[in-house]
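Peer 1: got a predicted model here, sequence first, then my questions.
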Amino acid sequence: MGTGSLEAFATIQLIYLIAALGHYMPLSMKQLDVGIAGYFALGAYVSALLTRDWGVPFELALLAGTLAGALGAVVVDALATRVRLAGFAYAIFSLSFAEALRIILNNVSAVGGSGGLVGIPAHTTLPLVAGLALVILVGFWLFDRARLGQLKTAIGDDELIVPVMGVPLVATKLTIFAMGGGLGGLAGGLYSHYVLFIRPDDFGFALLISLQLPIVFGGLDRFYGAVAGILILGCVPEMVRGLADYRLLFMGAATLAVLAVRPSGLITHATVATVKRWLGLPSGGAPRRAVTGVPAPTVATAAGPLVVDGICVRFGGIAALDGVGMTIPTTPGISAVIGPNGAGKTTFFNVLTGLIRPQAGQIRLEGRDLVGLRPDQVFKARIARTFQGVRLFSHLCVYRNVMLAARSATPDGALARARAERALAAAGLDQAAWGLPPDRLTLLDRRLVEIARGLAARPVVLLLDEPAAGLNSAEKERLGALLGHLAEAFACRIVIVEHDMKLVMSIAETVWVMNFGRVLSHGTPEEIRNDPAVIEAYLGSEAAHA
Amino acid sequence: MQIFLQQFVNGLTIGAGYALVAVGFTLIFGVLRVVYLAHSAVLVVGAYLGLFALDWSGSIPLALALGTVGAALMGLVVERVALRPVAGQNHLISLVTTVSIATVIQETLRLSVQHGQPISYPTGAAAVLLRFHLGGIELHLTVGQLAVMVVTLVLVVALTLLVQRTWMGRSIRAVADNPTIAAMLGVRVKAVSAQTVAVASALAGAAGVLLGLTLPAIDPYVGEHLQFKALAVVLFGGLGSVPGAVLGGLLLGLVEALAAGYLETSYRDLFAFAAMVLILTFRPAGLLGRRPVERV
Amino acid sequence: MAISRLSAIALSCALAGAAFQTLPARADDLKLSTLLPLTGPYANYSVEFRLGMEIAKDEINAAGGAGGRKIDLAVLDTQSNNGQVVSLVRQACGNSFAVLGPSMSNEAQVAFPVANGLGCPSISSSAAASGLTDKNRPWTFTYASPAPIIAPQAVELLVSRLKAKKAVVVVDRGDAAANDQGTIAERTLKEKGVETQTYSISASDLDFSPVVTRIRGQEPDLVVLSTTDKGALSVLKELKRTGSNAKVLITQSAFTPLISSAGAETLEGVYRYTEFDPTSSTDPRVVAFVEAFKARNNGRAPTQLATQAYDLVYLVKEMVEEGKLTGKDQAADRKALVDRLAALKDWKSISGPMSITPQGYAVKPVTVLVFHDGKPQKVAAD
């Protein structure tokens, strides 16, 4: 290959790399926006028309193309989100957008129709593209460490609970989609000013495949995978002459072979962690300096209790919650909600945190009705929670899991860090563990991380959903002792849902008993232990009258 | 009036073709819950097999049989190679693996048959024009068009009977409803997945042969446009709903035919997508679909 | 596992293929390159171009080469992707004396500005986009005539012959060449005072009965099919089937071997125009070429796409011989080639006499043909 063609080849591959990184954005969040060919086309056409027909300077035109791509992504994704498309429906929808755009461009003679746009002024050079690519790669590296990058990873790990951590989910997703679409538009603008002739057929399914296969092959966990994929699947075939006729066959077969054996692609989180270990680089994001005792920052306590009044939730014909009412104190301490399986306890928590909207009822805190608020808004009203099982973000280290919630509660980075560190320390987690991924911890420690995550937001009420499940008796004792201490230290009301009666009776001040979606009884542990209605619910009517 | 009825009949034929492809698609989506883009490749395999059968024997029923069975076998291969190894993974992975295997199949066809140049089915019986009289109005239909409607009707009815009345159909419905519980009740989910893909591919293979009979020529990429439109039909008919796919396909065929008949627009291809956006905005589950409930 | 085995087989085939391609080359060989879509959606178009060139190359080399120099033709795969064209044309310009191609119009649109900028002679065998070579002088040429040159001639001839008063143009706007020729046909018809309707079809249409029903409703004298080959054949068949009496004209880009295999009954009385039709020529050179082509392409006959590619290689050979280009001074040789091409008048190719215009494209007499008993016959101008 002569130098001229090597330069041309490198320019095109770098343009594809930028576009591939744009496609990587939504895919790494497990969002199946596959409309990248459309965003690329938007950037290509908009920038080309501006420079060719309107004499707009190249830099501005490129910017306009980038914005066009971003706008396209936002429109498609906002529409899809509004219609609440999930998974594969989303893929079909965004694919259709790109295809529809291609058909429209084919038919509008003002932009050249199927004959395309000729005479685009030449502006793209290898130094320009290489420079942009470098800036973008550095940007990705920084992005991964910034809050938005963490949020992207979190959404990819467990989208449903992200809003519960105080993150406005739709706005965050749209921002990331816009960034992906923008990169696609930028690549398109660079493309049109390099090839100097574009037509709608250039932006069809074939383009999508040549961007998508490499990045999935390379691995979606980190952006290094996209780079590796483009390098291997894009560049290697060039170097083997005589492979020409078999190129596509090879690409399809290679991708199939790799994914069948290693569905996460070549480069995964584990790969990156291993490489970092070899190089002696620190992993995770935990602070390396020793964190000494941090003074407790004061927060305002809530004025008055959390009043739940007449909450009704129906699923189809079944009443999951049937007029539930409670007055939950917001003074420091521990309360409990108990009841047989299916009583509606978790549903109740879901209503409290805005994940389910009740058909009737109110939830009042400091004079404000929380019903109808989104989960991230409930979080801002200072109600936090943990989940049945443990739902931590598996690709964020312990520290970053906690920081995610801390930063949602306050924009002040230093304050958030102080809160996170204090919560982790108070929960009894050794600083050495803060940089580890959650799956390296014991079940108890993972529970503690979840609790720390909740506390780092300094809530007035912290809801814990079956925190003792799966622990042995020694661990339960440790947890019980800790909870009492934490409620005092963090000045919040901890409400636990639990099945372990011994634990509940030993630590809770007040207990509510639920069954069949209603509150049966309420009082101190002693009181409800002797309440016949409660005994009947748990043991049957004979035991109650025994 | 005559023209309108004629266009209506044309539309039903086109719609039957869409329905045949969409039904298999929606079955796969509903039961396996994966993004599956290898349907067009399976369709093309059926088309080529039908071509060979016709060249060899001249018998259309044989071509249909071979195309259908061959495509079903191809479907089994696709399931084993592209779906089973990545079952349970993110939808994106199955999208990529099915696209990859579709590429492999299409490229193999291209490299081995006439270097990808279009080939025609031997013309003959399919081209004969039939004329009908309906209350004083003359309508015409080719044997090929009639075959599309008849075969689609027969296969969709057969599929419905299969799903509603047989043991295999019951297993399929169970897995479509809740794979975990079905597994606990002793249904072999992997086998059901394979069977579903095979059945769906059989329909695609039949559609491929019909396509070969009605189009002037086939090439390895003949299924791609159809796949796009079938995807839109699946989405707005309701994911997983066979009646929805049939209804959606027929509707789309009718709309396209009437548009071609009365509107001068080259934007006709957009109707599928416009319909999809419109219907999904007002009925997110599609015309006849059900919304799954997400539990936290 | 089945999958890895498949990749292994594919890889071994590829490597074996690569091994057979590295034949030793000599310094004074005439190095030519061509850019074709060997893979991707347009792959099937490349077959005719490639075979036409290779047959010419093999014949010339067997007869001693171009002025004693063996022709070394490198075939580069554009992958049906314009992005690839940019780097390939640079590679080709760096490695060869001249570039024969790209043959596809849209690929030439990308390659020609680059080649022109590099001072590398590029001649396409059939790129016919309007203005392609005008903007890229002096180094680029095309062996084809653009649609505005050939289409009106054919349309006018038929209008006067058929005394057509009403016409329908069927166009596929998604195909650039079809769109081009269709628009020009429509304009020519209207200029001639013919009442014209235009309907569009699409490559993804499965059923053409709706549009044919409309066409029949118009009762036209002439139907011009400016679409892809499949679309044209489908509409034609449907028209015949439903008993339409309209005369049909198929444009050059719409006509491929697919249509000629349609059978005598379907083609009876159908017109087409082309720059050249190899199958109806009695010239022994053409006949020999047709046989050679059929032998390498499973019995399928060539169209003008293949003969133009064949001609092109012979043209370069003649230019090299006449100019006594030895390859010792590439820059001077290239200049000489381009000067000679620009001055080309009435060159006797196997497709007939052709000349190059100052804008860089070829002019040849248009051939209008009509099918009788399955065979095309020339329609003389009135």
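Peer 2: Good, I have the coordinates. Numbering: from 1, shown residues only, chains lettered A, B, ... in the order given.

Peer 1: close to chain C: what parts of the stretch 101-250 of chain B are there?
Peer 2: Residues of the stretch 101-250 of chain B lying near chain C by C-beta under 8 Å from any C-beta of the partner chain: B:104, B:107, B:110, B:114-118, B:120, B:123, B:127, B:129, B:140, B:142, B:145, B:211, B:214-217, B:219, B:221, B:225-226, B:228-229. Where you see a C-beta, it was placed from the backbone N, CA and C, and this is true even at glycine.

Peer 1: list phi and psi for residue A:309.
Peer 2: Here is the backbone geometry of residue A:309 (degrees, to the nearest 10): phi -140, psi 110.

Peer 1: tell me how many other residues crowd residue C:70.
Peer 2: By other C-beta atoms under 10 Å in any protein chain shown, the residues close to residue C:70 number 16.

Peer 1: let me redo that: residue C:342
Peer 2: Residue C:342 has 14 neighbours, counted by other C-beta under 10 Å.

Peer 1: that one touches residue C:358, doesn't it?
Peer 2: Yes. Here residue C:342 reaches residue C:358: they are 7.3 Å apart, a contact under C-beta atoms under 8 Å.

Peer 1: can you give me the helices in the stretch 201-350 of chain C?
Peer 2: Ranges of helices in the stretch 201-350 of chain C, per DSSP state H, counting those that start in this stretch, are C:209-218, C:229-241, C:257-260, C:264-267, C:284-296, C:304-322, C:330-342.

Peer 1: what of the stretch 51-200 of chain C?
Peer 2: With DSSP H, counting those that start in this stretch, the ranges of helices along the stretch 51-200 of chain C come out as C:82-95, C:105-118, C:147-162, C:176-191.

Peer 1: just the stretch 1-150 of chain A next, same as before
Peer 2: Going by DSSP H, counting those that start in this stretch, the stretch 1-150 of chain A shows helices at A:3-28, A:36-54, A:58-82, A:87-107, A:126-145, A:147-158.

Peer 1: for chain B, which of these is the nearest?
Peer 2: Smallest distance to chain B across the helices of the stretch 1-150 of chain A (C-beta to the nearest C-beta): 4.1 Å, for helix A:87-107.

Peer 1: which of the residues in the closest one are buried?
Peer 2: Buried residues in helix A:87-107, counted by 16 or more other C-beta atoms under 10 Å in any protein chain shown: A:87-103, A:105-107.

Peer 1: wait, does it contact chain C?
Peer 2: Yes. Helix A:87-107 lies within reach of chain C by C-beta under 8 Å from any C-beta, at A:103, A:106, A:107.

Peer 1: turn the helices of the stretch 201-350 of chain C into TSV, including distance to residue B:85 and mean pLDDT.
Peer 2: Shown next, in TSV, are the helices of the stretch 201-350 of chain C (distance: least, C-beta to C-beta, whole Å; pLDDT from 0 to 100):
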stretch	distance to residue B:85	mean pLDDT
helix C:209-218	44	85
helix C:229-241	37	87
helix C:257-260	39	80
helix C:264-267	48	86
helix C:284-296	41	93
helix C:304-322	44	92
helix C:330-342	54	92
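
Peer 1: dump these to TSV, plus distance to residue B:46.
Peer 2: Below are those laid out as TSV (distance: least, C-beta to C-beta, whole Å):
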stretch	distance to residue B:46
helix C:209-218	23
helix C:229-241	19
helix C:257-260	21
helix C:264-267	26
helix C:284-296	30
helix C:304-322	31
helix C:330-342	50
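
Peer 1: of all these, which lies closest to residue C:41?
Peer 2: The minimum distance between residue C:41 and the helices of the stretch 201-350 of chain C falls on helix C:229-241, with 13.7 Å, by C-beta to C-beta.

Peer 1: distance from the chain centre to the closest one, please.
Peer 2: 22 Å (C-alpha atoms, centre = their mean, to the nearest Å).

Peer 1: can you count the residues close to the residue of the stretch 101-250 of chain A found nearest chain B?
Peer 2: In the stretch 101-250 of chain A, the residue that lies nearest chain B is residue A:249 (4.0 Å; C-beta to the nearest C-beta). Residues lying near residue A:249 (other C-beta under 10 Å) number 24.

Peer 1: nearest residue to it in space, please, no chain neighbours.
Peer 2: residue B:107 (4.0 Å; C-beta to C-beta, 6 or more residues apart in numbering or on different chains).

Peer 1: if we can go back for a sec, let's have the helices of the stretch 1-150 of chain A in TSV, adding distance to residue C:186 and mean pLDDT.
Peer 2: As requested, the helices of the stretch 1-150 of chain A are exported to TSV (distance: least, C-beta to C-beta, whole Å; pLDDT from 0 to 100):
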stretch	distance to residue C:186	mean pLDDT
helix A:3-28	38	90
helix A:36-54	25	96
helix A:58-82	33	93
helix A:87-107	16	85
helix A:126-145	42	95
helix A:147-158	52	93
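
Peer 1: show me which residues of the stretch 251-400 of chain A sit near chain B.
Peer 2: Counting by C-beta under 8 Å from any C-beta, the residues of the stretch 251-400 of chain A near chain B are A:251-253, A:255-256, A:259-261, A:263, A:315, A:346, A:350, A:355-356, A:387.

Peer 1: which of those residues come close to chain C?
Peer 2: A:253, A:256, A:260.

Peer 1: what residues sit buried inside whichever strand or helix holds the first one?
Peer 2: Yep, that's residue A:253 we're talking about. Element membership for residue A:253, per DSSP states H and E: helix A:247-261. Buried residues in helix A:247-261, counting neighbours by 16+ other C-beta under 10 Å, are found at A:247-260.

Peer 1: what about residue A:282, neighbour count?
Peer 2: Neighbours around residue A:282, by other C-beta under 10 Å: 10.

Peer 1: residues of the stretch 251-382 of chain C that sit close to chain B?
Peer 2: Residues of the stretch 251-382 of chain C lying near chain B (C-beta under 8 Å from any C-beta): C:257, C:258, C:261, C:262, C:263, C:298, C:300.

Peer 1: and those, which two are furthest apart?
Peer 2: Farthest pair in those (C-beta to C-beta) is C:263 and C:298. Separation: 18.6 Å.

Peer 1: higher neighbour count, these two?
Peer 2: Neighbours were counted for residue C:263 and for residue C:298 using other C-beta under 10 Å; residue C:263 has more, 14 against 11.

Peer 1: report the buried residues of stretch B:8-24.
Peer 2: Result for stretch B:8-24 [16+ other C-beta under 10 Å]: buried residues B:9-24.

Peer 1: what does stretch B:281-291 give?
Peer 2: Quick answer for stretch B:281-291 (16+ other C-beta under 10 Å): B:285, B:286, B:287, B:288, B:289.

Peer 1: what comes into contact with it?
Peer 2: Residues from elsewhere that reach stretch B:281-291 (C-beta atoms under 8 Å, 6 or more residues apart in numbering or on different chains): A:79, A:82-85, B:235-241, B:243-244, B:247-248, B:279-280.

Peer 1: quick revisit: with distance to residue B:47 added, can I get the buried residues of helix A:247-261 in JSON lines?
Peer 2: Formatted as JSON lines, the buried residues of helix A:247-261 follow (distance: C-beta to C-beta, whole Å):
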{"residue": "A:247", "distance to residue B:47": "24"}
{"residue": "A:248", "distance to residue B:47": "20"}
{"residue": "A:249", "distance to residue B:47": "20"}
{"residue": "A:250", "distance to residue B:47": "25"}
{"residue": "A:251", "distance to residue B:47": "24"}
{"residue": "A:252", "distance to residue B:47": "20"}
{"residue": "A:253", "distance to residue B:47": "23"}
{"residue": "A:254", "distance to residue B:47": "27"}
{"residue": "A:255", "distance to residue B:47": "25"}
{"residue": "A:256", "distance to residue B:47": "23"}
{"residue": "A:257", "distance to residue B:47": "27"}
{"residue": "A:258", "distance to residue B:47": "30"}
{"residue": "A:259", "distance to residue B:47": "28"}
{"residue": "A:260", "distance to residue B:47": "27"}
